[in-house]
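Q: can't give you the sequence, but here's the structure:
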């Protein structure tokens, strides 16, 4: 039986593209007729169909296709790892690293990490892709990125291997003349009395903020949701509400100069952990391991 890796890749991509041949051929940088012919030839070699069809359209996997798909993916995964290993043996200082992360991590945490990384691996080409934690997890699972960096949601994603890197807490941001500035310890009941400006529900530990108020049976007035801490800070400066945002986003901000006051809110919303995640069982190149190591060295 003569089977080649191209046939396996075409089958895998059709499944990844939800059985859409047009999208699969675009992802494979080839023509749709070429993909169809390769798959039909593969099925003829096997002696049975992998896909259920309605006319020229593929509807899904056959029973046989469902059985073979996991092994097919393992073969391709192991071959990719083998190629990576061979390449690293030949070129340990060269390559490409694509990081999928959130805006907060990309803006406030990764610049110093990338600077250190570049000192050791100046010839590795870096790319940053931004998105919500759920999106960046899918980027890694579908091989569009090598490493994902985000909060707890990554650790719960099936198919990813995650490593805890560092902890952080939220902070409350107030205009200097806000009534809450006079309180020595701000309570959830205090915050619930004012409009709040914080993250979009998909970002930066927002779920823990919501849970804290729900558990305390308090209703909140969320005046504005954003994915960018700078946007939150700007609207707090304008006096439109009380900000709740990541402490790392305020680490290098001169609040006095901006007429703002920040207070730690870890006792209200708990501790958050940032994780680095890679696809399960994937071979990690030396410089990928080094990048994750740098993340684990960040002080909480």
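A: Ah, there it is. It should be emphasised that the depicted structure is a prediction, and the values quoted were computed from it without experimental measurement.

Q: Which residue ranges of the stretch 101-250 of the chain form strands?
A: 124-130, 147-150, 160-168, 170-175, 195-199, 221-226, 242-246 (DSSP state E, counting those that start in this stretch).

Q: Could you export those strands as a markdown table, including mean neighbour count, distance to residue 282 and mean pLDDT?
A: No exception for glycine: its C-beta is placed from N, CA and C like everyone else's. Formatted as a markdown table, these follow (neighbours: other CB atoms under 10 Å; distance: least, CB to CB, whole Å; pLDDT from 0 to 100):
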| stretch | mean neighbour count | distance to residue 282 | mean pLDDT |
| --- | --- | --- | --- |
| strand 124-130 | 15 | 17 | 92 |
| strand 147-150 | 26 | 10 | 94 |
| strand 160-168 | 18 | 8 | 92 |
| strand 170-175 | 24 | 33 | 96 |
| strand 195-199 | 22 | 30 | 96 |
| strand 221-226 | 16 | 34 | 94 |
| strand 242-246 | 26 | 29 | 94 |
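
Q: Could I get the contacting residues of residue 250?
A: 171, 173, 229, 233, 262 (CB atoms under 8 Å, 6 or more residues apart in numbering).

Q: The same query, at a cut-off of 7 Å, please.
A: Counting by CB atoms under 7 Å, 6 or more residues apart in numbering, residue 250 makes contact with 171, 173, 262.

Q: what does stretch 277-286 contact?
A: 81, 84-85, 88, 92, 95, 137, 140-141, 146-148, 154, 157, 159-162.

Q: buried ones in that stretch?
A: By neighbour count with 16 or more other CB atoms under 10 Å, stretch 277-286 contains the buried residues 277-279, 282-285.

Q: Mind pulling the model confidence for residue 169?
A: Predicted confidence (pLDDT) for residue 169: 93.

Q: How about it, nearest residue that isn't a chain neighbour?
A: residue 266 (3.3 Å; CB to CB, 6 or more residues apart in numbering).

Q: That neighbour: how many residues sit nearby?
A: Neighbours of residue 266 under the rule other CB atoms under 10 Å: 14.

Q: Quick check: it touching residue 168?
A: No. In this structure, residue 266 is not within contact of residue 168 by CB atoms under 7 Å, at 8.7 Å.

Q: ok so, going back, now render the strands of the stretch 101-250 of the chain as TSV, adding distance to residue 299.
A: Converted to TSV, the strands of the stretch 101-250 of the chain look like this (distance: least, CB to CB, whole Å):
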stretch	distance to residue 299
strand 124-130	23
strand 147-150	16
strand 160-168	7
strand 170-175	16
strand 195-199	23
strand 221-226	27
strand 242-246	15
